[in-house]
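Asks: Output the structure for:
(2 chains)
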Amino acid sequence: DQQVKQNSPSLSVQEGRISILNCDYTNSMFDYFLWYKKYPAEGPTFLISISSIKDKNEDGRFTVFLNKSAKHLSLHIVPSQPGDSAVYFCAAWRGNQFYFGTGTSLTVIP
Amino acid sequence: ETGVTQTPRHLVMGMTNKKSLKCEQHLGHNAMYWYKQSAKKPLELMFVYSLEERVENNSVPSRFSPECPNSSHLFLHLHTLQPEDSALYLCASSQDLGFLYGYTFGSGTRLTVV
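Replies: Numbering: from 1, shown residues only, chains lettered A, B, ... in the order given. Down below sits the predicted model:
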């Protein structure tokens, strides 16, 4: 049973606008969340994280929001740039492993 | 350069073949992982090694056999695979088990079983 879900397989956004990527999870015991970014032919790279005791974490153009009551995580990219075009995975930590979503492919249109 | 190197990048093998995937990290990390990524599925954790000892085996079939001869190298030995084993196999490392600041992934080996 998939515990971390990314229901949008793809997203297209105009350059300069906001990109919002969403992630839902089912297990309230997750206590740490990350976003990874993956370019074609490369491995995923760590982007940003958030602890379950927080509801927001910001790093430059990237902000992650956590809504624990809704079991929902989102990544905001503002402003979006063509170099942000990639697949974005959310991951949740419990016990001794990460549980990953299936990814959302973001295309930023120049 | 990610610090985690996987070879080969692509592999095509028959169901009766024996092959090995190699992973090498130069980051001084103590934990290493094998993940499988199938089309339209999330990354699935296969094996976890910490200080060269296997600490996790996520119900992986015995046709996949991991080996960790030292903290820098990790292998995945493959034999009598099935077509459904075709996937992207990713190696990752982290400072220690339970390191929450993310893993460093390699670029993966794209495996096709024919």
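
Asks: Show me the shaky parts of chain B.
Replies: Filtered on pLDDT under 70, chain B yields the residue ranges B:1-2.

Asks: bridging residues for the residue nearest the centre of it?
Replies: The centre of chain B sits closest to residue B:34, judged by Cα atoms, centre = their mean, with a distance of 3.0 Å. Going by DSSP bridges, residue B:34 is paired in beta bridges with residue B:47, residue B:91.

Asks: which bits of chain B sit near chain A?
Replies: Contact residues, chain B versus chain A (Cβ under 8 Å from any Cβ of the partner chain): B:2, B:4, B:6, B:9, B:40-43, B:45, B:48, B:55-56, B:90, B:92, B:97-98, B:100-108. Placement of C-beta: from N, CA and C, glycine included.

Asks: quick one: least confident helix or strand in chain A?
Replies: Lowest by mean pLDDT, DSSP states H and E among the helices and strands of chain A is strand A:97-100, with a mean of 89.

Asks: still on that earlier bit, which among the residues of chain B next to chain A end up buried?
Replies: Buried members of these, counted by 16 or more other Cβ atoms under 10 Å in any protein chain shown: B:2, B:4, B:6, B:42-43, B:45, B:48, B:56, B:90, B:92, B:97, B:102-108.

Asks: Filter the residues you listed down to the ones in strands?
Replies: If you go by DSSP state E, these have B:4, B:6, B:45, B:48, B:56, B:90, B:92, B:104, B:105 in strands.

Asks: give me the number of residues near residue A:52?
Replies: When neighbours are defined as other Cβ atoms under 10 Å in any protein chain shown, residue A:52 has 15 of them.

Asks: Just the residues contacting stretch A:38-58, thanks.
Replies: Stretch A:38-58 is contacted by residues A:30-37, A:59, A:62-68, A:73, A:75, A:86-89, A:103, B:2, B:4, B:6, B:9, B:43, B:90, B:92, B:100-108 when judged by Cβ atoms under 8 Å, 6 or more residues apart in numbering or on different chains.

Asks: Tell me the bridge partners for residue A:65.
Replies: Beta bridges link residue A:65 to residue A:56, residue A:74, judged by DSSP bridges.

Asks: How about residue A:106?
Replies: Residue A:106 forms beta bridges with residue A:11, residue A:86, as assigned by DSSP bridges.

Asks: so it touches residue A:87, yeah?
Replies: Yes - with contact defined as Cβ atoms under 8 Å, residue A:106 reaches residue A:87; the gap is 7.4 Å.

Asks: Neighbour count: these two, which is higher?
Replies: Neighbour tally, residue A:106 and residue A:87, criterion other Cβ under 10 Å: the higher count belongs to residue A:106, 22 against 18.

Asks: how many other residues sit next to residue 12?
Replies: If you meant another chain, say so; for now it's chain A. Residue A:12 has 11 neighbours, counted by other Cβ under 10 Å.

Asks: Please refer instead to chain B.
Replies: Look at residue B:12: counted by other Cβ under 10 Å, it has 13 neighbours.

Asks: nearest spatial neighbour of it, skipping sequence neighbours?
Replies: residue B:112 (4.7 Å; Cβ to Cβ, 6 or more residues apart in numbering or on different chains).
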